[in-house]
Structures are given as C-alpha cells and as structure tokens.
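In: Model the structure of this input:
(one chain, ligands or ions: 1)
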Amino acid sequence: MKEFVEFVRKIYKTKDFLPLHEPKFLGNEKKYVNECIDSTFVSSVGKFVDQFEEKVKEYTGAKYAVAAVNGTAALHIALILAGVQAEEEVITQPLTFIATSNAIRYTCAHPVFIDVDKETLGLSPEKLEKFLNDNVILKDGYAFNKSTNRLIRTCVPMHTFGHPCRIQQIIEVCKKYNISVIEDAAESLGSFYKGKHTGTFGLIGTLSFNGNKTITTGGGGMIITNDESIAKHAKHITTQAKVPHPWEYIHDEIGYNYRLTNINAAIGVAQMENLESIINNKRETAKTYQEYFDKTNWNLFTEPEDSRSNYWLNIVMMNNKGERDEFLKYTNENDVMTRPVWRLMNKLDMFKKCQTANLDNAEYLEDRIVNVPSSYRM
Ligand SMILES: *Cc1c(COP(=O)(O)O)cnc(C)c1O
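Out: Numbers count the residues shown, from 1 in each chain. As a prediction, this is how the structure comes out:
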C-alpha cells in the first residue's frame, strides 16, 4: 500500500492531496463564460446551449440532444418520456449511483434490482432474461410482474465507471417483453460499444456533466435520442411546458424548470473541444495503472470486449473486503483519495423493500471494487 501511494504520487507528480477526479479546464472556458457575461445572456437563452447540444450530437452520433440542468433531471425526464407512470416498475441494477434509483422514484414507479455482470459491471442480459422469464406474464403485449401485478415499463442499465455494458443483448431481451430501454450514460461520455456511442442504443440516453465527471459544465446533463418527438417533448417539458407565443403565458402540461443555463453550456462547449484529448490522456493513465497492478496481486479492471472505455474512474479489484477496507483506510489517511463502490441500492433504507433477484455478482463486486485517482494528468 505504501508502494501504491508512492506510485500514484509519482505519476501525478504531487505530494499534496490527490483527489479522485478533478475538473480540467484546458481551453476556451473563461473566454466563453466572459462572452456570456458581456452579452448579458447568462440564463436559459443563448447560443451556447444550442452549440453545446450540437457538439454532443456530433460526437455521440445521436440525432437529437437536449440539455438539462443535471444528469438526474435528464434521467427523470427520460423516464417520463418513456411513459413511466406511478405504481409501474422500472428494472435497473443495484450497483449504480443513487441518482438512477432516485429518478425512478420521482415518477412514483418502483425500481426492481437485477444483477450485473462481473465482466462489465453493468446489467446482466442473462440474469435479466431469467428474471423476466420467471416473473413476467404478457397481457395485451405488456409485461406484468406476476408477484406485484404491476406493469414493467422500462429498463435502465448503466455503463459503470465508463465501461460499456452489453447493451445490445439487454435491448434484445427487453424487446421480447415490450420493455423500453433508457441508458444511464452519465459516466460514459466518450465510451463506445462496437464503435457506437453509449447512450445511443436505447430509446433514450442520459449524460451528466457534474464536476467529477469526465468533462464538466459545473452541473449539467443531456438527454440524447434518435426519436424526434421525444426530443421535442424533452425540450418542452424541461422548459416549463410553455407554448410559444409572442407575449402570453400558456402552458399545456406539467413542466419542469430543468434548463441548462448559457453559462454552464459555455463551459460545456469549451470542454467538448478538448474531449478527445482528455480521453486519450485518461486511457494513457489506465495503461500506466495496468502495468503497475500487473506486478502486484491486485488487478486493474480493463475495458470489456467490443468496447472503448473512457476510463472515467479507474478500478482496482481487491481480493476481499478486509483488504479493501485496509486499502481505503491507508490511502485516505495518506491524502490519496480512494473510494469503494456505492453501497448496493437494495441495502439502502429507501429501497430495502424493492424486489430483487439473485445479486451474487453485485455483492462480490461491492466487497472488492476500489476507485483510485483518475484525473487528467498534465
Ligand atoms: C453522475 C451520475 C448521474 C447524474 O448525476 P448529476 O450529478 O445529477 O449530473 C446519474 N447516474 C449516474 C450513474 C451517475 O454517476
């Protein structure tokens, strides 16, 4: 552990506190923010919002992109637009950041937790298929959960720490049950599965530009989709569902104030200009970690088959929970920030009563995953 602390300090060339992931502003961020202030367009109208959406569309290959105030709000909107209603069910993975499950509850639907694959850390298509096979009855073409009598509307897999899950197989399984797929791609901007950007396989994908993500707008999110009517509806309900009119205030449904400001978008445009070099830099760091960990009895988790990962947060697999806890204690006490994976959703008070299937892989990973410093390296 002492050797690890020395190694990570050497590659980041610092004796100071080493964060897990800090933002990096390499280009036009200040210039564009100043433009916003000089122009007075600092709020929800302005050219940078459009430019930011355009850049994300171009980069991900999605037909449409709609900016949102953060990734959690983007997920909330995606669930609404997938038609999720109160007392329905949404399948997701227990190994995810709280935002995924919270957004499901915002719609008053109930999460159902299905296990992940050890090879991808994302939802397991085989375990999903087994669950649906054992638990679903199709009525009028819709999937009903036999034990709760609730409609299973949507499935939300997540591309964990930037590593793509087996999204095509997940979608194939869901299709058989008329369940739509929303990809939580909050952590995977810059990650591709079979050459196609994560978040563009399902009905809707969502991104996050929080301060700790690969690139940041301070706070921000994006809804991406190939469906024109969903994109239009997303823009409408993230902006209070106001009907366009030269002066009157008319709103035609319940809307949300989930817009991204022009200031945040200005930072986003500048960040997008450097995205590819940021990702190359992060992939270099992953390689450096891999060479190091190959010489220890721990392993770096590397990108799954058929994938190019952004290596948002590097993952070291410990041999057991005791070792994990020792590693966390030693590194954090020595000012090197490391973190365990999130406590599994089904163990949190709010989600304890949710249905789960066998979660062996998630349990295994929860005891062993440690994230290590992964910021851009100068
Ligand atoms: C970061 C993140 C989100 C969204 O986060 P915001 O902070 O609201 O932008 C959603 N899901 C996952 C898995 C995340 O890591």
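In: When you work out contacts or count neighbours from here on, use the C-alpha atoms and nothing else.
Out: Fine.
In: can you tell me how far R283 sits from T214?
Out: 12 Å (C-alpha to C-alpha, to the nearest Å).
In: and for these two, which residues touch both?
Out: N310 (C-alpha atoms under 8 Å, 6 or more residues apart in numbering).
In: can you pull out the helices in the stretch 1-150 of the chain?
Out: 2-11, 29-39, 47-60, 71-81, 98-106, 125-135 (DSSP state H, counting those that start in this stretch).
In: Deepest in the core, which of those helices is it.
Out: Mean neighbours per residue, mean count of other C-alpha atoms under 10 Å, is largest over those for helix 71-81, with a mean of 25.
In: and that one, C-alpha only, in PDB?
Out: Only the C-alpha atoms of helix 71-81 are listed here, as PDB (Å, rounded to 0.1, in the frame of the first residue of the first chain):
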ATOM      1  CA  GLY A  71     -27.900  14.200 -15.100                       C
ATOM      2  CA  THR A  72     -30.500  13.300 -12.500                       C
ATOM      3  CA  ALA A  73     -33.000  15.700 -14.100                       C
ATOM      4  CA  ALA A  74     -32.200  14.300 -17.500                       C
ATOM      5  CA  LEU A  75     -33.000  10.800 -16.200                       C
ATOM      6  CA  HIS A  76     -36.200  12.000 -14.600                       C
ATOM      7  CA  ILE A  77     -37.300  13.500 -18.000                       C
ATOM      8  CA  ALA A  78     -36.200  10.300 -19.900                       C
ATOM      9  CA  LEU A  79     -38.400   8.200 -17.600                       C
ATOM     10  CA  ILE A  80     -41.400  10.400 -18.000                       C
ATOM     11  CA  LEU A  81     -41.000  10.400 -21.800                       C
END
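In: Would you mind pulling up the elements that that helix packs against?
Out: Other helices and strands packing on helix 71-81, by 3 or more C-alpha pairs under 8 Å, 6 or more residues apart in numbering; DSSP states H and E, are helix 98-106, strand 180-184, strand 204-208, strand 221-225, helix 228-238.
In: Need the ones you listed in a markdown table (columns: distance to the ligand and mean pLDDT).
Out: As requested, the helices and strands packed on helix 71-81 are exported to a markdown table (distance: least, C-alpha to the nearest ligand atom, whole Å; pLDDT from 0 to 100):
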| stretch | distance to the ligand | mean pLDDT |
| --- | --- | --- |
| helix 98-106 | 5 | 98 |
| strand 180-184 | 6 | 98 |
| strand 204-208 | 4 | 98 |
| strand 221-225 | 6 | 98 |
| helix 228-238 | 14 | 98 |
